[in-house]
Structures are given as structure tokens and as C-alpha cells.
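Enquirer: Show me how the following folds:
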Amino acid sequence: MKMKIITWNVRGANDSSKRKIIKNYIRNQRVDLMCIQETKIQEMSEGIVRSLGSGRFLDWRALNAERAAGGILICWDKRVLGILDWEEGQFSLSCRFKTIENGATWVFTGVYGSFTKVEREGMWEELGAIRGLWDDPWCLGGDFNITLFQHERSSQRRTSSAMRRFAEFVDDLELVDLPLPGGRVHMEWGAE
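Expert: Below is the predicted model:
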């Protein structure tokens with residue numbers, strides 16, 4: 001089975017007209033799982049989720065924004081995925097799924113990273129702890145607010161210490177950079 005996953009930093013989903021654009025895009029892409037970051041929504045509700053996702057078979061989990069920053073929403077089609085467990089962190093939201101078609105279990109983690117060095121270290125620690133929760137295959141998606149390679153950022157002329165730390169994190173957790181269609185800023189990570 002091919003599963004279609006989309007991860008998108010929407011930079012705010014408080015406006016109903018913006019939610020309509022998001023919903024139309026999601027519907028047209030026919031995704032099985034979507035993860036949106038930087039929702040900026042402090043209290044996610046069923047109504048807001050329905051205005052973003054499509055279909056009556058929608059299920060979801062959310063990490064609410066703090067003040068007007070952050071926020072992660074993961075939605076999926078219940079005909080494709082069943083949720084077994086989930087974990088909320090400061091920078092991430094993880095869902096452990098069972099694929100309905102074949103019974104395979106796996107974990108998806110949506111990430112919205114910090115810009116500060118101290119908080120970013122906390123994010124690396126949090127993601128490492130999440131990796132230790134389950135032995136299932138793991139896929140990460142989201143906005144780490146750091147790039148892994150110089151060519152992923154037009155203004156980056158050399159490798160920074162933050163980029164080196166990100167590469168170290170990827171190596172330590174044996175993650176694999178998946179090639180992505182559809183844009184230079186979309187990043188997803190998965191373990192083999």
C-alpha cells in the first residue's frame with residue numbers, strides 16, 4: 001500500500017479563509033495523513049479540525065500553540081490508519097498507528113522546532129526520548145527551523161554549528177533523508 005503523507009508549515013490557521021485554502025489543497029491531494037505546523041491555535045477543537053480536514057472518516061490529535069506561537073495538528077483517515085497511542089512534547093506530537101490494510105504498526109512524529117540554541121537542544125533530547133518509546137518504524141515530518149544542508153537555504157554560505165548538530169542528531173538516531181517531491185522547504189525524515 002502506498003500511503004500519502006503531507007507535512008506543511010501553514011504559518012497560522014486562525015483565519016477561516018486560510019483554513020478553506022488548506023482544506024481544498026488537502027482534499028485535492030487525497031492524503032491519508034496530514035501534519036500541519038505553526039497552527040497558532042491555542043485551543044484546537046473539532047470544528048476547527050473539520051474546517052481544515054476533509055471527510056467524515058477524519059481523526060486527529062493536536063498540540064496546542066502557546067500564546068500565538070507553534071501548534072501542531074495531525075489528521076488521518078480512520079479507514080486507513082487506527083491510532084494505538086500518542087505522545088505530546090514541547091516541540092512535537094507523535095502518533096503510533098496501525099495500518100488497517102496490513103496491520104503494520106509505525107510512528108509518525110510532527111515537529112515544529114525552535115529558533116534558539118537552548119530550546120533546539122531540548123528538541124533533540126525530546127525527539128531522542130520519543131524514539132525510545134516504541135520499537136516501530138518511525139517517520140518524522142515538520143519544520144525543524146534548521147536545515148541539514150547548505151543548499152537547502154539560499155542565504156547559508158557555510159555549515160553552521162546548528163547544522164552540524166542537526167546532522168549529528170540524524171546520524172545518532174539512524175534517520176534517512178527521504179527525497180521529497182513538491183518543494184525545497186518540505187522536510188520529512190524516516191527510519192529504515
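
Enquirer: Endpoints of stretch 6-13, how far apart?
Expert: 16 Å (Cα to Cα, to the nearest Å).

Enquirer: likewise stretch 148-161?
Expert: 11 Å.

Enquirer: Repeat that for stretch 10-23.
Expert: 12 Å.

Enquirer: hmm, who's touching that stretch?
Expert: Residues outside stretch 10-23 that contact it (Cβ atoms under 8 Å, 6 or more residues apart in numbering) are 8, 36-41, 48, 51-54, 71, 73. Where C-beta positions appear, they are placed from N, C-alpha and C, glycine not excepted.

Enquirer: mind running it again at 7 Å?
Expert: Here stretch 10-23 makes contact (Cβ atoms under 7 Å, 6 or more residues apart in numbering) with Ile36, Glu38, Thr39, Lys40, Ile41, Ser51, Leu52, Gly53, Ser54.

Enquirer: mean confidence for it?
Expert: Stretch 10-23 shows a mean pLDDT of 90.

Enquirer: how about the strands in this structure?
Expert: Counting by DSSP state E, the segments of the chain that form strands are 5-9, 33-37, 58-63, 72-77, 81-88, 92-99, 105-112, 138-143, 175-177, 187-191.

Enquirer: Need those strands in a markdown table (columns: distance to Arg19).
Expert: A markdown table is the format used below for the strands of the chain (distance: least, Cβ to Cβ, whole Å):
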| stretch | distance to Arg19 |
| --- | --- |
| strand 5-9 | 13 |
| strand 33-37 | 10 |
| strand 58-63 | 14 |
| strand 72-77 | 11 |
| strand 81-88 | 22 |
| strand 92-99 | 19 |
| strand 105-112 | 18 |
| strand 138-143 | 19 |
| strand 175-177 | 31 |
| strand 187-191 | 23 |
